[in-house]
Structure formats: structure tokens, C-alpha cells
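Asks: only geometry, no sequence info:
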């Protein structure tokens, strides 16, 4: 770590001439990241990633010991690259996608993804598993929408991986694939309602989840495979109505010891050791007072000097940055701390509030930039690191041969100073519940002191959440750089903050869930952050539903709203998607409250609606119905159907730009006239 500090001191940073922050253009915000999807080969000798090339992306592969040399470039044909990752030394797993149209009983406009394996020069491309020939148009569509995924890279086997032939949820048949001959052997035929498999450190199938319904209701059972009988045996049963979680997140070097994430009898999840044969809970491995414990990081490589096979490297939890990692192994912990010091990243005081109890605590956290260990070689001597923050798009560093060097910035053309400052805040809902939120305030040099025009920006889901990291959708950077304060409330119904907050949203759509957002707007006014009469609501998916709800609720605080791919009729959306017993009991009963379509003709404020014509998550009709009825309200309503756009991400940079431009133009020029 001393070498890192020495390099930083030798390099130095010359002070820049003072200049007003540059407002990013739509084209800059809509561009592909210059570099993304970085991955390190297990032997540490190569780095792979995706490099932007205008409207396309290419795979680039560097020699880690010769970064001055031009990387190997691999292009795509008609399909476009989505991601790339090393699965073995010299072999890459690549996902590609493209638009797909198929007529069955109706025209299905969607996208399909394909999973292929290639060498680091892109000479040979192979499918790990070839699907059987479709016998009907419906089967053809089902196959097109499904995609194989890697279940286990088998890190100690140079020739094989485990692949699931499902749709990416580890729920199909499991195959052992030979990467030299590309022959495969099915080792597990899946059964109905199996939700996913998990391997132990020896890469044996040991745990799985199953969804089912009994007389009490819908449940998820955790099953372990008995090595003696090869039978799957149920160990836990968690009922959805209770919002209990019990799932295996890893195994110790002793295959009889599993690590289980559980919130049974608790408000938040912890991770404990579980003795499978004795069916007994052992010691608690990790818990956090304010956040859900989520994952474990274990050394899966054998023969690593100083790092035993099965050694615990770190634990993960759903903190302010959503996926926080606390490294426990000295090598990783020391590396992260050394890089923080070398790059001048400093922690600041952060107050946390537990929504379940109202208890407060003060801690130290990286409020701006933070460092994350992204990947590492099996000998733990070569590391990829990512530095990012709310106003800092990911920057990638390589630590190799004792030296730290910058590989690339994902958006070097964007001036981070123009993106404002983001912090975690809490405010009281009208019934006293503590609501977490992420508040982004504009750069005062660019925009002047507050209060500012403001946007309440609810997330999708609603069983989702936001994090205090860079917003790759570019919605928050767009609004902040246009001198708007942005509040992202973690309203009741949001996941990962507490069971109490999560369940408090049940059957409160457009009611208490919406009150939380309105109370956030009031809080911004009280705190002199937002200008009264100059607040908008903008959301996508469930956030789009929230914008529909804001447009029809009386006595609102919003000048206008933007609904992206929103649900307007909660009755019809769930009638279509929640047709099986598990999903009906899992979530349908939680989706109740205000139905915006019923009130569309009484819309109170101007509204802009946009929706992609390839959206298979929320059908475009949901927007069309609302807009048609809202035209009789007397309020101005705009509608934009975006061709070849799904439920995100954008297929082309032009589509990405079109979406951002619609939002930008409406908030700065529209919103009923004159902008927000």
C-alpha cells in the first residue's frame, strides 16, 4: 500500500484554472460509456471490456503487462454487445441483443438476447447449449425470450462450466459444458416451480429455491440436496404474506455448512452459518443495525498462497450505495484503504435512521467518490478497481505489479462539477414514519443558491430502491445539470430499508405511498431547497404510475408531471401478469389503491407521457388508455411513443437521446408553458 501512496505523491495533480462547470449536452449524456463491462482473466494476464465506437460497441482485450500496446478489438455483426466477462483464461462469455418480431396470436415486438462464448481474439464463437427445434410459433417465441446463463464457472476446472438453459434466473436444466469440445451433459433436470440453483465450493449442486402454494398461502422453500440419496430435501419454508426471507447465499469450505440470509423474526436480514445435516442454525456471520445483510464473498480458488480455499473475503449489505461490500480479508481491505488514500477519497459524517424504530446513529462514509474492488486474479496480485459516486461516472483502475494506474473514465466528456451534490437524507411522513431519500442539489456556481426548481423522482418496482451511486439512466445527471434539485424518496413499499417500510406499502398505491412522495416535496419547500409552485414529478415504470397518480390527485404540489412507461390501470396490468397462483398471492394483494385511469378525465396538472413500443413489462396500451381519457380533462397532455424502445435500456444512442431530450424539453420549456 505504501507503493500506491508513493505513486500518487510522485504523480501530483496540478490545480486547474478556475472555470464555470460545463453543462453536459444531450449527446454527451446519451453516449455509450467510453469503457464498460470490465473483467480480469483468472490468471491476471488480460483485461476485457466494451469500448464505445459511436453507435456500436466493440470488445477490447488488453495484455495487463503491456497496456501501452493497442488492445485486440472484436466487433459484432447485426446484434449488439451487451456485456463481456472472462470465464476462463483465454475465453470470454458474451451477451448480445437485437430487436425481434414474431406474430403468434398477436404481433410480439420485443428484444432477444444471445449468450455466446469466444476466444480473446474473437476467432471462434460457440453457443454453450443449442436449443431444440421449435415445434410451434409460441414455442419459438418462448425460446427466443429465454437465454442460457452461467451458473458456475468451475474456477478449479480449466475445461468446464455449468450452464442453465433457462431465462437467466437459474431456473432451467443444468448442463456441464466442455469448453474445448463444446459438448454438454445434463446434470440436473429441473422441476416445476424451481426458482434457482446454487453450488457449493466444490461446484456441486447443493441448494435450490422452490415456489409453491399450500393451505396457508404462497411460499418459497429452501431445499438442500442430500449427497447420500441425491434427493432434494426442504429445510425452510417462508411465506410471502409474512415477507420472510430464508435463502442460501454461499457455502463454507465444509460443504455441510451453508451461509443463510434470513429475516425470520427480525426487521432486517442477517447472515448465519447453518449446519445442514443437523438442520441447526450456528453463529451469526454478519448483521447490520440499519441495513439488510446480503451476500458473502469466498475464495473459490485452490492453491492460492496466503489465502486458504474457502476463506471469507468479505460480506455485502444493502447500504446507501445499495450494494456495499465490507472486505474482511487483509489483502482486499488494505488495498481498498490504500487506493482511497492515494486518490484522496475521504469519509465524512453520515447520520443513519432506522425506519423500523426511529433510532439514529452517526457513522463515517464516503459521501462523494468511493472505491470498489471489481475483479481480481486468482493469486490476488492483480486487481481491477472502480471509482465512482453520484456525480462521478465510473473510473477504472488497474493495480498490477505493485502499481496503480488509471485505465479509463467511462464519461470523460462530462464535467462532474455540473452534476451537483447528492446525500442521504431522512424526512418524516405525515404519519410519523421516517422516509429515507437521496437528495441531489445543483452546483451553486452554475445555478446560484437555492431554493431551486425541483423534481420528485420515485423509483420503479415498487419493490425496488435507489442507491447513492452514479445514475446510469442519466435522468438525475440531466436534471441536476439543468439546475433542478432532485429528490428520490424511498417511500413505503421500497425494499431493503426495513421490513416495516417494505410492508407499509401494501395496498397503498396512490395513497400512503403517494403521500410519502408529496411529504418529500413539502420537506424540500420547508428546507428552502425547492421553490413552491415549481416542483414536478417524474418517474418510470412504477414511477410512471406515481406520475399518473400525481396528475389526478387533488390539492397537489406539482406544476406538472412526466410518466415514463407507467401503469395507469392497476386492475388490468395484474390481471395479465399475475395469472399463476404464486404471483397472485405474492404481490397481487399488495397492489391496490388509486387506479389513475379511473380519474384520467379529471387530471389536475399538465402531463407528458412517453412509452416504448417494444415494452413487454408494461404494455404501451397502459399509456395510450390514460392519454386518450386525459384529453377530456382540459389540461395539456403530451404523448410520445418511442419506436424500438423497451422497458430500458435504449437500443440506439439516438433513442437514448430522444428520451432524454423529451424530458429536458418538457422540464425546461413545457410543463404547461415556460418550463418548470
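Replies: Sure, I can see it. Because the structure is predicted, anything quoted here is derived from the model rather than measured.
Asks: At which residues are the helices of the stretch 51-200 of the chain located?
Replies: Assigned by DSSP state H, counting those that start in this stretch, the helices in the stretch 51-200 of the chain fall at 137-145.
Asks: Which residue comes closest to residue 262 once chain neighbours are left out?
Replies: residue 246 (4.7 Å; C-beta to C-beta, 6 or more residues apart in numbering). From N, CA and C alone the C-beta is placed, and that goes for glycine too.
Asks: Which secondary structure element of the chain has the lowest mean pLDDT?
Replies: Between all helices and strands in the chain, the lowest mean by mean pLDDT, DSSP states H and E belongs to helix 2-11, at a mean of 36.
Asks: what helices or strands is the next helix or strand after that one leaning on?
Replies: Counting by DSSP states H and E, the next helix or strand C-terminal to helix 2-11 is helix 26-30. Secondary-structure packing of helix 26-30 (3 or more C-beta pairs under 8 Å, 6 or more residues apart in numbering; DSSP states H and E): helix 653-668.
Asks: Any idea how far the helix it packs on is from the middle of the chain?
Replies: In terms of C-alpha atoms, centre = their mean, to the nearest Å, the centre of helix 653-668 is found 22 Å from the chain centre.
Asks: picking that back up, state the distance from the residue nearest to residue 262 to residue 499.
Replies: To residue 499, residue 246 is 13 Å away according to C-beta to C-beta, to the nearest Å.
Asks: Same question for residue 455.
Replies: For residue 455, the distance to residue 499 - C-beta to C-beta - is 29 Å.
Asks: before we move on, what about residue 433?
Replies: In terms of C-beta to C-beta, residue 433 sits 13 Å off from residue 499.
Asks: One more: residue 206?
Replies: Distance from residue 206 to residue 499, by C-beta to C-beta: 28 Å.
Asks: what about those two, which has more around it?
Replies: residue 206 (23 against 20; other C-beta atoms under 10 Å).
Asks: Now for the more buried one: which residues touch it?
Replies: By C-beta atoms under 8 Å, 6 or more residues apart in numbering, residue 206 lies in contact with 198, 199, 200, 224, 225, 248, 251, 255, 258.
Asks: Lowest-confidence member of those, which is it?
Replies: Across the contacts of residue 206, the member with the lowest pLDDT is residue 255, scoring 89.
Asks: Show the low-confidence segments of the stretch 1-150 of the chain, by residue range.
Replies: Residues of the stretch 1-150 of the chain that meet the criterion pLDDT under 70 lie in 1-18, 104-105, 131-146.
Asks: Doesn't residue 331 belong to a helix?
Replies: Yes. Assessed by DSSP: H, G, I helix; E, B strand; the rest coil, residue 331 belongs to a helix.
Asks: Please name the nearest non-neighbouring residue to it.
Replies: Nearest residue to residue 331 in three dimensions, chain neighbours excluded: residue 380, at 5.5 Å (C-beta to C-beta, 6+ apart).
Asks: Give me the neighbour count for that neighbour.
Replies: Using other C-beta under 10 Å, the number of residues around residue 380 comes to 19.
Asks: repeat for the one 5 residues further on
Replies: Here the neighbour count serves as a burial measure; for residue 385 (other C-beta under 10 Å) it reads 22.
Asks: list the contacts for the spatially closest residue to it that is not a sequence neighbour?
Replies: Once flanking residues are discounted, residue 385 sits nearest to residue 397: 4.5 Å by C-beta to C-beta, 6+ apart. Applying C-beta under 8 Å, 6+ apart, one finds that residue 397 lies in contact with 339, 384, 385, 386, 387, 404, 405, 406, 407.
Asks: Closest one of the residues you listed to residue 467?
Replies: Distance to residue 467 across these (C-beta to C-beta) is lowest for residue 386, with 13.9 Å.
Asks: What helices and strands are in contact with the helix or strand encompassing that closest one?
Replies: Residue 386 is located in strand 383-389, with elements delineated by DSSP H and E. The contact analysis (3+ C-beta pairs under 8 Å, 6+ apart) places strand 383-389 against strand 35-40, helix 330-342, strand 370-376, strand 392-400.
Asks: Mind listing the strands it pairs with, and their directions?
Replies: Using DSSP bridges, strand 383-389 pairs in its sheet with strand 370-376 (antiparallel), strand 392-400 (antiparallel).
Asks: can you list those in TSV and add distance to residue 110?
Replies: Shown next, in TSV, are the strands paired with strand 383-389 (distance: least, C-beta to C-beta, whole Å):
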stretch	distance to residue 110
strand 370-376	31
strand 392-400	29
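Asks: from these, which stretch is densest packed?
Replies: strand 392-400 (a mean of 21; mean count of other C-beta atoms under 10 Å).
Asks: now it and helix 330-342, what's the angle there?
Replies: 120 degrees (axes from the mean of the first three to the mean of the last three C-alpha atoms, to 10 degrees).
Asks: Tell me the strands beside the helix or strand that strand 392-400 is followed by, with direction?
Replies: Downstream of strand 392-400, the first helix or strand assigned by DSSP H and E is strand 403-409. Strand 403-409 pairs in its sheet with strand 392-400 (antiparallel), by DSSP bridges.
Asks: can you count the residues close to the closest residue to residue 473 other than its chain neighbours?
Replies: Distances taken as C-beta to C-beta, 6+ apart place residue 648 nearest to residue 473, at 7.2 Å, with adjacent residues excluded. Neighbourhood size, residue 648 [other C-beta under 10 Å]: 16.
Asks: so when I look at residue 648, I'm seeing a helix, right?
Replies: No. If the criterion is three-state DSSP, then residue 648 is coil and not within a helix.
Asks: was I right about it contacting residue 540?
Replies: Yes. Counting by C-beta atoms under 8 Å, residue 648 sits close enough to residue 540 to count as a contact (7.4 Å).
Asks: Quickly list what's touching both of these two.
Replies: With contacts defined as C-beta under 8 Å, 6+ apart, the residues shared by residue 648 and residue 540 are residue 473.
Asks: pLDDT weak spots in the stretch 151-300 of the chain?
Replies: 167-171.
Asks: what about residue 550, which SS state?
Replies: From three-state DSSP, the assignment for residue 550 is helix.
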